[in-house]
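Chemist: Below are the sequence and a predicted model; questions follow.
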Amino acid sequence: MDLHSRIVRAVIVAFAVVVNGCSSSSSTSTPTGPTPTVITESFNGSIGQNGTVIHNFTINNSGYTVLAGFTSITPASVTALGLGIGSWDASSSTCGLNLTQNDTARNGSTAINNTAGAGAFCVRVYDGGNIAADVTVSYTVQVQHY
């Protein structure tokens with residue numbers, strides 16, 4: 001299932017939960033707003049053996065799903081890269097991988113599916129042990145969040 005299909009499925013499930021929660025017989029109700037729009041960000045880069053590249057992004061709406069995966073990894077001889085999401089610390093320019101990571105993220109599949117709060121985040125692309133010496137890998141990673 002591709003990244004877009006997973007987002008659509010997550011939105012449908014969230015909508016169903018909200019609709020069920022609105023069927024209360026209580027005399028007081030709190031209006032709920034619509035689900036925020038999905039934001040899709042793509043980051044391109046290249047790494048070599050034992051390399052790491054960090055890309056920053058901001059999540060504006062707390063408690064929703066964040067998805068990440070590669071839409072391109074070349075050359076084809078590299079079958080997977082490492083992918084992690086963490087909080088971004090601008091003061092020290094560091095990416096703390098405290099949300100989740102996947103050492104064998106493959107092209108065309110969702111590598112990370114988690115819930116996140118609002119704030120500054122980073123996606124870290126790294127060699128998970130699959131890049132041979134003297135090989136440079138080009139990639140595109142896609143992050144979807146609210």
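Modeler: That came through, no problem.
Chemist: From Phe121, how far off is the closest residue to Asp89 other than its chain neighbours?
Modeler: Sequence neighbours aside, Gly96 is the residue nearest to Asp89 in space, at 6.5 Å (criterion: Cβ to Cβ, 6 or more residues apart in numbering). C-beta: built from backbone N, CA, C; applies to glycine. For Gly96, the distance to Phe121 (Cβ to Cβ, to the nearest Å) stands at 10 Å.
Chemist: Show me what the helix or strand where Asn113 lies pairs with in its sheet, parallel or antiparallel.
Modeler: Using DSSP states H and E, Asn113 sits in strand 112-116. Applying DSSP bridges to the sheet, strand 112-116 is found paired with strand 64-74 (antiparallel).
Chemist: how far is the partner strand from where the chain is centred?
Modeler: 6 Å (Cα atoms, centre = their mean, to the nearest Å).
Chemist: Please list the outside residues in contact with the strand holding Asn113.
Modeler: Here strand 112-116 makes contact (Cβ atoms under 8 Å, 6 or more residues apart in numbering) with 6, 59, 62-69, 83-85, 99-102, 105, 145.
Chemist: And stretch 42-58, by the same measure?
Modeler: Residues from elsewhere that reach stretch 42-58 (Cβ under 8 Å, 6+ apart): 41, 71, 81, 88, 95, 119-127, 131-143, 145.
Chemist: Now restrict those to buried residues only.
Modeler: Neighbour-count burial (16 or more other Cβ atoms under 10 Å) applied to those gives 81, 88, 95, 121-127, 131, 137, 139, 141-143, 145.
Chemist: Of the residues you listed, which belong to strands?
Modeler: 81, 88, 95, 121-126, 137, 139, 141-143, 145 (DSSP state E).
Chemist: Give me the contacts around stretch 79-87.
Modeler: 47, 66, 68-70, 73, 95-106, 111-112, 114, 116, 119-128, 130-131, 137, 139, 141, 143.
Chemist: what's the burial count for Asn107?
Modeler: Close neighbours of Asn107, defined as other Cβ atoms under 10 Å, add up to 18.
Chemist: From Gln49, how far out is it?
Modeler: For Asn107 relative to Gln49 (Cβ to Cβ), the value is 18 Å.
Chemist: No more questions from me, cheers.
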